[in-house]
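[1] Next input, structure requested:
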Amino acid sequence: MELKGKKVAVLVDNVYQEMEVWVPLYRLREAGAEAHTVGATAGQTYASKLGYPVVAEKSYDEVSAADYDGVVVPGGYAPDYIRRHPRANQFVADLNAQGKLVASICHGLWVLCSAHGMLKGRKVTSFFAIKDDVVNAGAEWVDAEVVVDRNLVTSRKPDDLPAFCRACLEVLANAVKQ
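    Residues are numbered from 1 along each chain as shown. Presented below is the predicted three-dimensional model:
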């Protein structure tokens, strides 16, 4: 699948789940998309749950939904830190409002819970432990490997990454350029 010309942000912060950042990031790049790591501070190194480093290439202040075709929100405990940044929540909400890819896996849906009501009426999945948070944010939660609800792609855990990445690439490839 060729995604040349597509631009996607992968959100990062401390205690991220390694595979949920690196697998989508490399899969997007392999498909020809321009994928950036985005965190609170550009140039800052964030440590994964196991200490594996990732450097934020851009900050939330440097990105705009108008310039991106999508976002990937990984899991681990990083989403609890990411959602504390109003600009991160707004970025995700804006991408969703524009019908662009919003992809989230595992605990990543914590960010979507904070993204200005974007889960209301949406069908999603996540790691089972945050089901109540997701349901209380207005979503219909199901236990499935991957759920695609228009522009929204969600999965439960690292084992779901093959289906998650396939769905992300498909949504990006079929998106109408705005």
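[2] which sections of this structure are below the confidence cut-off?
    Along the chain, the model assigns pLDDT under 70 to residues 1, 176-178.
[3] What ranges does it have for its strands?
    7-11, 34-39, 45-47, 53-55, 58-59, 70-73, 101-105, 123-124, 140-141, 146-149, 152-155 (DSSP state E).
[4] Mean neighbour count and distance to A93 added to these, as JSON lines?
    All C-beta spots, glycine's among them, are computed from the backbone N, C-alpha and C. Formatted as JSON lines, those follow (neighbours: other Cβ atoms under 10 Å; distance: least, Cβ to Cβ, whole Å):
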{"stretch": "strand 7-11", "mean neighbour count": "25", "distance to A93": "13"}
{"stretch": "strand 34-39", "mean neighbour count": "22", "distance to A93": "15"}
{"stretch": "strand 45-47", "mean neighbour count": "16", "distance to A93": "22"}
{"stretch": "strand 53-55", "mean neighbour count": "15", "distance to A93": "24"}
{"stretch": "strand 58-59", "mean neighbour count": "16", "distance to A93": "18"}
{"stretch": "strand 70-73", "mean neighbour count": "27", "distance to A93": "10"}
{"stretch": "strand 101-105", "mean neighbour count": "29", "distance to A93": "9"}
{"stretch": "strand 123-124", "mean neighbour count": "20", "distance to A93": "15"}
{"stretch": "strand 140-141", "mean neighbour count": "18", "distance to A93": "19"}
{"stretch": "strand 146-149", "mean neighbour count": "19", "distance to A93": "16"}
{"stretch": "strand 152-155", "mean neighbour count": "28", "distance to A93": "12"}
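[5] any chance of the ones you listed in a markdown table, plus distance to W22?
    Shown next, in a markdown table, are those (distance: least, Cβ to Cβ, whole Å):
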| stretch | distance to W22 |
| --- | --- |
| strand 7-11 | 9 |
| strand 34-39 | 10 |
| strand 45-47 | 13 |
| strand 53-55 | 8 |
| strand 58-59 | 17 |
| strand 70-73 | 11 |
| strand 101-105 | 12 |
| strand 123-124 | 23 |
| strand 140-141 | 26 |
| strand 146-149 | 18 |
| strand 152-155 | 15 |
